[in-house]
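Peer 1: Can you look at this prediction? I've put the sequence above it.
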Amino acid sequence: MKTLPKILRPLFGIAASFTASWSAHAADGTLDAGVGIVDITPTREITLAGSPSPKKTAEVKTRLFVRALVLAASGQKVAIVTLDTLKYPVEHVQRARAKIEQATGIPASNIIICASHTHSGPLWSYYEDQLVTPIAEAVAKAAGDLTPCTLGMAHGRAEGVAECRRVIKDGHAWNRWQLKPDEADSYPAEGPADPEFDVLALQKADGAFKAVLYNFACHAANNREPRISADYPGDVEIFVQKQLGYALPTFFLTGACGDQNPIYSVRRDLFEQRLGGEIVRCLGALEPIAKPSLAIECREFQMPGREQPEFKEAEVARNWPGQLEHYRKSFNDMKKREKPDYLYFLTGIRIGDDFAIVTNANELFCSIGLSIKKQSPFKHTMAVEQTNGAHGYVPSAKSFEGGSYETWFGEHSYLTTKAGEIIERESAGVLSRLRQAP
């Protein structure tokens, strides 16, 4: 048999299958996988989301997409959807999942919808039906594209591109961009960064890759110009495709990046080169998933709201004097809409014996994501945020002591101060159950 280049050598022994309270096995060591992609790039001037001082633009740097990956084995199916948008609220997730189930038969509980958190696109409200139809169309396309694939996994590490954006100055947390660059670097970071990530690759019989999943703990906020962009996940996809020489869909699953930003003092293209280059390296060093099994564990519960919220006027005036009225309005608006608790979805997916994905619906601080991965019984674990809902920041207990805007009650921070502990505990429970699943 002709020897393929190392990066394209087929994987050996693989597969999967799944369910919300079950698992199944593919007899031939493969898993059926399908990909569906829908372009959602705006066609007119839009307001870029993700900033208290938003900018308008119609110029496009990289296009925005809904990507769907459907996995099928033993008569069962699961869908993984990624969106190039800032966030996607739980009520729209419920609508999209219901429409997908009606159109494809994939159970709503077997669908995860993850927002990339790009700050260079419009909110869901820009789209005619809040992205429900494009999401359902992408999944329907993927369900009609099923072909046998093998699977492989790898660890990656991208150094020098992301950092904890919060530093401690005089006992208080400040975001680095609030300080001069040389001043910000003279104070200690409040928390860790996480340069490590995992890769899952699906490979067709001819040796070409059908899709790649990866997750990385950094805000998608590397686009430094007012242009429509999928941010670094879009740049990474283009880089990987150029290196491989064909159009390979890359599914970015957002890592625990509530306090993680790109390092703005380095070249912008360093991000795609280091992260994209490491993904390419991983594709040439994949460990095959030897046991063709997959399981799903889904949890739905009510997450408590914030205890006795108060407007931190003195703290806002110190950290963000020019945004005092913005944060006052955010506080008052959220007080009108606050609830004692909020519908919350948390999902785990196990592929083989050593690979797992566990999701949450927040901007989770990195230390919590690291703790989830450390407690995981799996060799490879993706801690994925912004999935099946968008419930704002979840800081660590230490970060609530430091303060700053991620901790202030308002539109972007309204869950209980114990939410991090709850997510960590529930995630550990989900991963434990997945470990025990047949």
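Peer 2: Cool, the structure landed.

Peer 1: three-state assignment of the residue nearest to Lys335 when sequence neighbours are not counted?
Peer 2: Distances taken as CB to CB, 6 or more residues apart in numbering put Pro309 closest to Lys335, at 7.0 Å, once the chain neighbours are dropped. Backbone N, C-alpha and C define where each C-beta goes, glycine included. Of the three states, Pro309 takes coil according to DSSP: H, G, I helix; E, B strand; the rest coil.

Peer 1: Tell me who's in contact with Pro309.
Peer 2: 331, 334-335, 338, 409, 414 (CB atoms under 8 Å, 6 or more residues apart in numbering).

Peer 1: buried subset of those residues?
Peer 2: Among the contacts of Pro309, those classed as buried by neighbour count (16 or more other CB atoms under 10 Å) are 331, 334, 409, 414.

Peer 1: Packing partners of the lengthiest helix in the chain?
Peer 2: Assignment by DSSP state H gives helix 419-436 as the longest helix of the chain. Using 3 or more CB pairs under 8 Å, 6 or more residues apart in numbering; DSSP states H and E, the elements in contact with helix 419-436 are strand 293-304, strand 341-351, strand 355-359, helix 366-375, strand 393-394.

Peer 1: Which stretch among the ones you listed approaches Leu131 most closely?
Peer 2: For Leu131, the closest of these is strand 341-351, at 17.2 Å, according to CB to CB.

Peer 1: name the helices or strands packed onto the closest one?
Peer 2: Judged by 3+ CB pairs under 8 Å, 6+ apart, the packing partners of strand 341-351 are helix 90-104, strand 293-304, strand 355-359, helix 419-436.

Peer 1: Distance from that strand to the middle of the chain?
Peer 2: Centre-to-centre, strand 341-351 and its host chain are 13 Å apart (CA atoms, centre = their mean, to the nearest Å).

Peer 1: partners of that strand, with directions?
Peer 2: Each strand paired with strand 341-351, and its direction, by DSSP bridges: strand 293-304 (antiparallel), strand 355-359 (antiparallel).

Peer 1: Deepest in the core, which of those is it.
Peer 2: Neighbour counts (mean count of other CB atoms under 10 Å) averaged over each of the strands paired with strand 341-351 peak at strand 355-359, with a mean of 27.

Peer 1: Just the C-alpha atoms of it, please, in CSV.
Peer 2: What follows is strand 355-359, C-alpha atoms only, in CSV (Å, rounded to 0.1, in the frame of the first residue of the first chain):
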residue,chain,number,x,y,z
PHE,A,355,-11.8,11.4,25.7
ALA,A,356,-14.6,13.6,27.2
ILE,A,357,-16.3,16.9,26.6
VAL,A,358,-18.2,18.6,29.5
THR,A,359,-20.1,21.9,28.9
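
Peer 1: I'd assumed Ala58 was in contact with Arg44.
Peer 2: Yes. Contact criterion CB atoms under 8 Å: Arg44 and Ala58 qualify, at 6.1 Å.

Peer 1: And the two? Which one has more around it.
Peer 2: Between Arg44 and Ala58, counting by other CB atoms under 10 Å, Ala58 is the more crowded of the two (11 against 6).

Peer 1: Just to check, that one is in contact with Thr47?
Peer 2: No. Assessed by CB under 8 Å, Ala58 is found out of contact with Thr47, at 10.9 Å.

Peer 1: Contact partners for Asp145?
Peer 2: 34-36, 70.

Peer 1: ok so, going back, may I see the contacts of Pro309 organised as JSON lines, with distance to Arg166 added?
Peer 2: What follows is those, written out as JSON lines (distance: CB to CB, whole Å):
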{"residue": "Phe331", "distance to Arg166": "20"}
{"residue": "Met334", "distance to Arg166": "22"}
{"residue": "Lys335", "distance to Arg166": "25"}
{"residue": "Glu338", "distance to Arg166": "25"}
{"residue": "Phe409", "distance to Arg166": "18"}
{"residue": "Tyr414", "distance to Arg166": "19"}
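
Peer 1: Could you tell me which of these belong to helices?
Peer 2: 331, 334-335.

Peer 1: Same list, the residues you listed, but as a markdown table with distance to Ser53 please.
Peer 2: Formatted as a markdown table, these follow (distance: CB to CB, whole Å):
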| residue | distance to Ser53 |
| --- | --- |
| Phe331 | 18 |
| Met334 | 20 |
| Lys335 | 23 |
